[in-house]
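[1] Got a predicted model here, sequence first, then my questions.
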Amino acid sequence: MIEKITLPNGVRIVMEDIPYLRSVAVGIWTLAGSRDEAASESGISHFIEHMLFKGTERRTAMDIADEMDKVGGQMNAYTTKELTCYYARVLDNHIDIALDVLSDMFFNSVFDPAEIEKEKNVVLEEISMYEDTPEDLVHDILQSAVWKADALGRPVLGVQETVEAFTRKDFLSYMKRHYRPENVVVSVAGKYDKNQVIEAVSRCMGLFDNTPDYIRPETAAVYASAVVTREKDVEQLHLCLAFPGIPLGSDESYTLTALNTFFGGGMSSRLFQNIREKHGLVYSIYSYPASYRGTGIYSVYAALGPQTAKEAAGLIRAEITNFFTDRMTVETLKNTKEQLKSNFILGLESTSSRMSSNARAELLLNRLLTAEQIMEKIDAVTLEGIYDLAGRIFDMGRHSVSAVGRLSGIDIAGLFQEKGL
């Protein structure tokens with residue numbers, strides 16, 4: 001059972017008791033990601049995530065690591081376009097330590113200027129490493145192009161110019177605006193004592209001061225068709241074809257998941273079986289949806305040899321056409337639903353997955369669904385719903401393309417046009 005408690009200051013506690021386990025996952029989540037940054041702040045959410053591990057008023061960076069290692073705990077953090085998470089996984093009898101360390105980092109990090117300067121080098125190396133990973137870069141430049149006019153299109157890591165300019169004052173100012181009680185969810189999943197958790201979270205989250213309300217701007221990221229390329233001296237060509245998707249929380253989310261599973265979401269999908277297995281034109285191929293507040297994108301990715309780009313692109317487009325002419329059957333949809341439900345249930349066997357799923361639902365959607373409710377939504381997907389949605393998504397008049405690799409002699413913009421087939 002999932003329980004939710006809202007503290008007087010607005011912090012939400014989401015708890016899912018799994019009493020037969022001996023571990024517990026706990027995370028402090030805040031509604032602050034790269035989408036919330038001004039252009040001059042690009043990458044600041046991610047940099048703050050790094051700095052919270054660099055020491056507090058009562059713990060050094062070594063103390064933070066050592067205290068978790070002593071109890072065999074695992075601790076980490078990550079930043080996305082819309083949120084930041086700090087989390088730990090420990091044995092149930094060590095949840096008090098996990099909460100104490102995480103809350104100490106969250107509220108009492110010192111942001112030592114000397115540590116900031118050292119960490120700038122780390123973040124800049126991370127940006128460089130990302131530039132050297134074309135299979136990731138091709139997705140990033142695609143989103144930057146289609147949402148060029150909005151912060152959603154900016155990279156989570158930021159860029160060299162902004163990262164080099166950050167100061168302690170910038171971090172404290174950003175946190176004061178975004179690390180606010182109404183933007184925070186503490187999520188717990190596993191074996192725990194409910195009263196102990198509520199008492200501990202109430203105590204540490206009472207540290208929020210009563211700063212004036214900050215009105216969080218809601219941006220309306222509008223998808224715009226784009227073609228973007230990056231020349232890289234690599235053996236493979238990394239290629240993305242994209243379309244407008246659906247926003248986070250849409251009633252059609254489960255319909256899109258079923259559509260994607262059948263079309264390109266796995267090894268049994270049409271894209272994989274026909275283009276990789278049957279024709280052997282690609283090393284990797286898959287499709288995936290990405291949904292955000294108010295918008296979304298649906299992408300097809302392929303890693304292939306530059307010499308096969310035109311043929312592979314023609315086959316990808318042919319598979320889109322075939323999706324409507326060689327339709328899913330009732331039996332295929334039934335099997336797809338079973339696959340989705342199995343993947344969902346298997347994912348729930350991890351306390352970290354449950355903790356994350358509950359936090360995201362509460363923080364981004366302001367609602368929690370039980371496993372039974374999610375299964376019901378999967379079962380409610382229909383063929384009519386899938387084909388109605390597919391007709392709106394697979395609009396070749398609004399497609400976008402990104403490519404990373406050796407591009408000489410390849411008409412990237414024309415690959416998916418009629419003349420490119």
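    Happy to help now that I have it.

[2] What residues does the residue most central in space within the chain make contact with?
    For the chain, Thr80 is the residue whose C-alpha lies nearest the centre (CA atoms, centre = their mean; 5.5 Å). Neighbour list for Thr80: Gly33, Ser34, Val156 [criterion: CB atoms under 8 Å, 6 or more residues apart in numbering]. In short, each C-beta sits where N, CA and C put it, glycine included.

[3] which non-adjacent residue is nearest the last one?
    Read it as Val156. Nearest residue to Val156 in three dimensions, chain neighbours excluded: Ser34, at 4.5 Å (CB to CB, 6 or more residues apart in numbering).

[4] Could you do the first one as well?
    Closest residue in space to Gly33, ignoring its immediate chain neighbours: Glu82 at 4.3 Å, by CB to CB, 6+ apart.

[5] Phi and psi next, for that neighbour.
    phi -130, psi -10 (degrees, to the nearest 10).

[6] Also Asn76?
    Taking degrees, to the nearest 10 as the convention, Asn76 sits at phi -160, psi -170.

[7] In contact with the closest residue to it other than its chain neighbours, which residues are there?
    Leaving aside its chain neighbours, Asn76 sits nearest to Tyr87 (6.4 Å; criterion: CB to CB, 6+ apart). Residues in contact with Tyr87 (CB under 8 Å, 6+ apart) are Ala25, Val26, Gly27, Ile28, Met75, Asn76, Ala77, Leu102, Ser352, Met355, Ser356.

[8] Give me the lowest-pLDDT entry from those.
    The member of these with the lowest pLDDT is Ser352, at 93.

[9] That one reaches Ser23, doesn't it?
    No: taking contacts as CB atoms under 8 Å, Ser352 lies outside contact range of Ser23: 9.2 Å.

[10] Spit out the residues that contact those two alike.
    Arg89.

[11] Reformat the contacts of Tyr87 as CSV; add secondary structure, neighbour count and distance to Ile410.
    Formatted as CSV, these follow (DSSP: H, G, I helix; E, B strand; the rest coil; neighbours: other CB atoms under 10 Å; distance: CB to CB, whole Å):
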residue, secondary structure, neighbour count, distance to Ile410
Ala25, strand, 26, 46
Val26, strand, 27, 49
Gly27, strand, 24, 44
Ile28, strand, 27, 46
Met75, strand, 20, 45
Asn76, strand, 13, 39
Ala77, strand, 19, 39
Leu102, helix, 23, 48
Ser352, helix, 19, 42
Met355, helix, 27, 44
Ser356, helix, 20, 39
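
[12] closest to Asp170 among those?
    Nearest to Asp170 out of these is Ala77 (CB to CB; 19.0 Å).

[13] Which residue, neighbours along the chain excluded, lies closest to the closest one?
    Leaving out its chain neighbours, Ala77 is closest to Tyr86 (CB to CB, 6+ apart), at 4.4 Å.

[14] My reading is that that neighbour lies in a helix. Confirm?
    No: assessed with DSSP: H, G, I helix; E, B strand; the rest coil, Tyr86 is strand; it does not lie in a helix.

[15] So, low pLDDT: which residues of the stretch 301-421 of the chain?
    Residues of the stretch 301-421 of the chain meeting the criterion pLDDT under 70: 418-421.

[16] Now do the helices in it.
    309-325, 330-347, 351-360, 371-379, 383-393 (DSSP state H, counting those that start in this stretch).

[17] buried set for the fourth one?
    Going back to what we said before, that points to helix 371-379. Under the neighbour-count criterion of 16 or more other CB atoms under 10 Å, helix 371-379 has Ile374, Met375, Ile378 buried.

[18] for the first one, same thing?
    If you call a residue buried by 16+ other CB under 10 Å, then helix 309-325 has these buried ones: Ala309, Ala312, Ala313, Leu315, Ile316, Arg317, Glu319, Ile320, Phe323.

[19] In CSV: those residues, plus distance to Ile275.
    CSV is the format used below for the buried residues of helix 309-325 (distance: CB to CB, whole Å):
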residue, distance to Ile275
Ala309, 12
Ala312, 6
Ala313, 10
Leu315, 5
Ile316, 7
Arg317, 11
Glu319, 7
Ile320, 12
Phe323, 13
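
[20] and Gly409, what is it in contact with?
    Pro306.

[21] I'd like to know how far it sits from Ile141.
    20 Å (CB to CB, to the nearest Å).

[22] Verify the contact between Asn322 and Arg270 for me.
    Yes: using CB under 8 Å, Asn322 is in contact with Arg270, at 7.2 Å.

[23] Identify the contacts common to the two.
    In the contact map built from CB under 8 Å, 6+ apart, no residue is linked to both Asn322 and Arg270.

[24] wait, doesn't Asp36 sit right on His46?
    No: Asp36 lies out of contact with His46 (CB under 8 Å); the separation is 11.7 Å.
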